[in-house]
Structures are given as C-alpha cells and as structure tokens.
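S.K.: Have a look at this fold, sequence not included:
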C-alpha cells in the first residue's frame, strides 16, 4: 500500500489501527497548549515567535502563526526556512549562524519572497551574508547573537556585541535588526525560583548591551530570546521583544517536569512484540524516539520501568501486557523525535482526523 | 538547486565542497572492511549475513552480498525487508518479531519474490504469521529467537524454545528453519578475553537446544547469531551457521574501541560556524549524529574535547579552528546516524565518486 493510500484509508479510523511505531498528536491537547501560551502574551510588550525545530511541521507552524500575539516563526537551519517560506510563512528568523557560500546565498534569496532574518556572531559571518545579499540585491536583517552563558554560539555582551552590531549596520546588503540571546542552559531548571533568579542574572548583560547601543545612536528593533521553560520570566523582561518557545506545543516527558501547565500532546503509538511475566518489549527504540533526556513515559502504564532503550526496541519491566497490545509512549525529547518521522497523525477523541507532513525532517543544512 | 542537480554537480568534486553537515563514506576504507570480514569466513562452516540496520543503504547491502562467504542480508523491520527485495536482494532475514496483521501480511507477501525469513518468540507471533502465510498461499521460514542473556526479545533456551520450534513446524504456512540468538549485551566488551568467555557461556545453551531438538527428530537448518564485536568468537562456534554483523562495514567511534582492525570509513563533514580562543562550534548535533555511546571523534583534531552535543551544534574545546573550517567527525553510533540521512556521499582520495541513497532511512515499521 502506498503511503498516500494508507493515509487516506486511516482518516476517520481509531488511532489504535495505525501501523506502529507511529508519531501521533492529540489535537485537543495541542490546541490547548497553543491557546495557553499565545494568550499569555496578550497585553504584553513581548510577543511569540514559535520555534520550528521542535516539531518541523509547516502545518503546525501555520497554526501557531494564526494564534494571537504571534509575530513569526523561528528556525535553526536555512533548509527549514526554505520549507517555511514554501509553506507560506512570511516572517522567519534563522536563529543560528549560516556559514558557507551556498547557505548565505540561499538565505539571501529567500528575502525576495519573505522576511528571513539570520543570526550572526562573527565578522566572517557578517562578511559572507553581506556579500550574498549584495550579489542578489536584497537586504537581509541580522540579529547579533549574544552568549548569555550557554557557552555555545554568540559573542560576549557589551563591547564585542556592540562592535559586531556596528559592523553589521555598515555592511552593504545587511540591516542590523537587533540581538538574540538564548538561555538554553537554564530553561529546564526544575525549581521555579532558582530558574527565575538565574535567568534574570543571565539576561541582565544582554539588555544592558541593548540600552548602551541605543544610547550610542544605533536603534535596536528586536531582542529575541527565551524558550518554553522561561516564557514567564524572559517574556516579562523589559527589553525582550520576542520569545522563541518551541516545546510547549507538543511537550515531552522531560519538559513536562518543568512546565506541568502544558499537556503532553505527542506520543508514539507502539506495539508489544514480546512479553513475559512482568516484562514487555515495544517496537520502538532510539530510531523512533529522542532519548537524550531520560526515560520515556508509558501512558496508561506509568508503573512501567524502562530497562534500556535499544535501537529498535524498548524493553519495559513491571508491566503486564500481552503481545499485540498497543501502548502510547511519550518520548523524552520531542525535538529529536519529530526529526525521525515524515508525518504526524492528528487525533481527536481517539479518531484520526488528519495527517500532517513533517517537512523539516532531516533538514540539517 | 534540486537534490538531484546537487548530486550530479558534486560528482568528481572535492568532498570539502559539500554543503554541511553531510554523511560521507570513504570507499577505500569501506572496501577494506568488507574484504577483511568476508575473507575471515573462508573455509569456515559459518557464513556472513550482514545487518542492514547499521547503514540502511541498499547499494551497500548489494556490495556486501557480492563478497565471498555471504549468504544473505539481515534486517530489523519488514519495511527494511521491502526496500531490500525491491533492490534485488533475494535472501533476507527479518531478525525481529513482527506483530500485527499489516506487518505479517507484508512479510508473507515478500516471499512471493524472495526468501524472507522472520524471527518469532511467541505463540501469538507464530499464529499471526502462519495465518497471513496461509491466506497468501506462501510458506514463510521462521527462526525461533532464543534469549541468550540480553534480556530483550526471545524465549529461554531448552524446553520453551523447543516447544515454540515444534509449534512453528506444525503451523500451516510456516517452515521451521532454526534458531536466532543475539549476544548484544556482550558485543562491545573491550577486553577480548572477557568477551570470549562471556560469549561462550551465553551461546552454550543455544547450541545445546539445537542439538537436543535435532536429536528429537526436528532438523535445524540455521542458527543465526552474533555481531561485529564477536565475529571471531561466535563465527567459530560449532553449530552457528550465520553471523549477523553490521557495524564492521562503516564503523563508529564507539565500536572502534572494540574492533581496531576495521577502519572508520564513515564521517560527518561539518563546518565551524562559531569560534573563539580554544573553542569551536560545528553545525551538527543530535539531529545529525547518534550520540548514545559517548563522544564523537574529530579526525585531524583528536585533541578536541566535546563540551556537550546540542540538537544542531557540537561545541568543542581545546581546538583552534577558524569560522568556515571543515571538520570530519566520526559519530559515536553509526546505526542511529545513518538513520538520520537520506544519502551517503561516497569518496575516494578526497574526491566524490558516487552518491548512495539510504533507502532504509526512517523504516520504522
């Protein structure tokens, strides 16, 4: 049976009938998550720019964009930005450095059809992007990435960030639009008070840099920052204009510990393929679940203990289940999970309502 | 540029010109690995049945089949078996349980065009597969999976295995072909002597079960077992007919510690997108490398220390590299890495000679 034939056949059928493992999202839970976070930004200066890397699904990105208080979409790769623009999204931030002639030209070319901003953190990055933009006769908006303590990309706050901002502002083909910071090392601190204190300390220098640059006469249109774990801290921080939250939409078993107010809207439907007393082995493993951040959660059997996660198998202990039984498993890390599937089955009240392609799957470039 | 246009353009070009991250294999190293292992089985009773799940590339599977002492291909999923049969492979073992009407029918249907054996470890699995085979009027060969201590799938050696073998033998539509065991919990023990002793202890009961069943009058055509880490133990064990090695072909930074005689033929070509004194960040992370088993190895910069592996980034310390520099990175786990890419660039002496599709990418069902 072709993939399209299978999809048509399954619409209107109970989710349990899907071939497994299957990536499934509950529409009711997803919609509640979208409403909750976008509603939070009503009346606030900061607005939402959801991150595509979490789900890689253009249909879901469009749903997010249709929510209140949402200004555009964030993504991590130029190939993801291409999928978004192809899908009709008109305002995209590539929250990552693009290096290499092929990539900067692709990013610049997208600006003929949409506003596609790019993060930069080096003079070389500014030079490459500016050259591509000039050659293609477009203007590309850039955000200078500031390292707020994550120790990944970004330049130091203060003088180094301001210097790079001024270089971008005077580079032909580029438009300096502001700063990006990401407190990724703090977003999953479970203790809310500790998270608040550490995030505030990290964001301080970023916002001081903004103020100082503006005082010197260079306007800063956008400061973009934050994630699902810090929306109620970063999103209230004076001077932060956009929040790049991603995981809130579908959630995962790791993030749920930090943000219990969002529902686990995503699960993998799996089949028990082997069973003995107190043990069951499911037909999904590392190739179907991102397991960097702990153990999966077996809905309906929260007592099940993960023995280990193999490539194609999930052996569970402390569970009584028969061969052929279907289990719903919440992956530990949603972002790396969606990257493993080419489609997401959309379910309401247990019935398959739609199938959404995951266009960004494998968009590594 | 379309994917096909890019592929055509890159043939004959230096590998460094590829857009990154890119999955690359060195043909010379790969060919040496294939020759080494297939040659090992010359004059031995045991033959090689390479495992597809390690690379998911049909072209590579065909190359393996063309080697000496190689009887067929192993895979883990019925969707992988479909790709192999479509690609002309005539003898496939699905070394895994298939549960569910859709899957057993697909496996049975493949037997109209090829020999596609399936592992079973439950009466329910036997019943389902037999029913599908009968309905489609084919005969499916089955191997009863015996748990040799990995505590994943499989039934206990001795009476339970013999009982399931007899059930399979008398089930309409099925042909009992033998046993499968897999000492996956032992294949990466670094100490060779300890590995040898533990593997011998694990295989003993499997081979005793074979002998006992044959004595009782039921012939056992095939015992299939082993992996790259145990080829010179399991592959010499009297009574083992086929070895399911996979990782030896391309290797990875984890397996290399156990089997130094094989070359690391696979790497990810990445670009440094951010750099500061003693630090560099590459444009590949968890979405482009399977990192379950330790840190990646940066060829040319073995001194580089992995800080952590993010979704899209690899921050390295103790390395001096400029923005734009290309690095070759050996992934920690090859099997989950190939599952993330749709093609493998094949290189000889630094020049791209071919592009091989990874047809089995995402074959989860």
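M.R.: In hand now; what should we look at? What you see is a predicted model, and the numbers here were worked out from it, not measured in a lab.

S.K.: Can you name the next helix or strand after the longest helix anywhere in chain A?
M.R.: If you go by DSSP state H, chain A has its longest helix at helix A:192-215. Next along the chain after helix A:192-215, taking DSSP states H and E as the criterion, comes strand A:222-225.

S.K.: tell me the mean pLDDT over the next helix or strand after that following strand?
M.R.: Toward the C-terminus, strand A:222-225 is succeeded by helix A:231-234 as the next helix or strand (DSSP H and E). For helix A:231-234, mean pLDDT is 96.

S.K.: Touching helix A:231-234 from outside, list them.
M.R.: With C-beta atoms under 8 Å, 6 or more residues apart in numbering or on different chains as the test, helix A:231-234 has contacts from A:37, A:40, A:46, A:183, A:195-196, A:199-200, A:203, A:225-227, A:240, A:243, A:245, A:248. Where C-beta positions appear, they are placed from N, C-alpha and C, glycine not excepted.

S.K.: Swap in 7 Å and give it another go.
M.R.: The contact list for helix A:231-234 (C-beta atoms under 7 Å, 6 or more residues apart in numbering or on different chains) reads A:37, A:40, A:183, A:195-196, A:199-200, A:203, A:225-226, A:240, A:243, A:245.

S.K.: before we move on, what about stretch A:208-218?
M.R.: Residues from elsewhere that reach stretch A:208-218 (C-beta under 7 Å, 6+ apart): A:146, A:157-158, A:161-162, A:165-166, A:169, A:176, A:179, A:220, A:223, A:239.

S.K.: 8 Å - rerun?
M.R.: With C-beta under 8 Å, 6+ apart, stretch A:208-218 has contacts from A:146, A:157-158, A:161-162, A:165-166, A:169, A:176, A:178-179, A:220, A:223, A:239.

S.K.: tell me the contacts of the most centrally placed residue in chain A?
M.R.: Nearest to the geometric centre of chain A sits residue A:54, at 3.0 Å (C-alpha atoms, centre = their mean). With contact set as C-beta under 8 Å, 6+ apart, residue A:54 has these partners: A:246, A:247, A:249, A:250, A:334, A:335, A:338.

S.K.: try it again with 7 Å
M.R.: A:246, A:247, A:249, A:250, A:334, A:335 are the contacts of residue A:54 under C-beta under 7 Å, 6+ apart.

S.K.: What values do phi and psi take at it?
M.R.: Per-residue torsions, residue A:54: phi -70, psi -30 (degrees, to the nearest 10).

S.K.: okay, the closest residue in space to it that isn't next to it in sequence: pLDDT?
M.R.: Once flanking residues are discounted, residue A:54 sits nearest to residue A:246: 3.2 Å by C-beta to C-beta, 6 or more residues apart in numbering or on different chains. At residue A:246, the predicted lDDT confidence score is 98.

S.K.: Equivalent analysis for residue A:265, please.
M.R.: 98.

S.K.: before we move on, what SS does the nearest residue to it once chain neighbours are set aside have?
M.R.: In space, and not counting its chain neighbours, residue A:265 is closest to residue A:29: 3.7 Å by C-beta to C-beta, 6+ apart. At residue A:29 the chain is in helix, as set by DSSP: H, G, I helix; E, B strand; the rest coil.

S.K.: thought residue A:29 was touching residue A:263?
M.R.: Yes. Assessed by C-beta atoms under 7 Å, residue A:29 is found in contact with residue A:263 at 3.9 Å.
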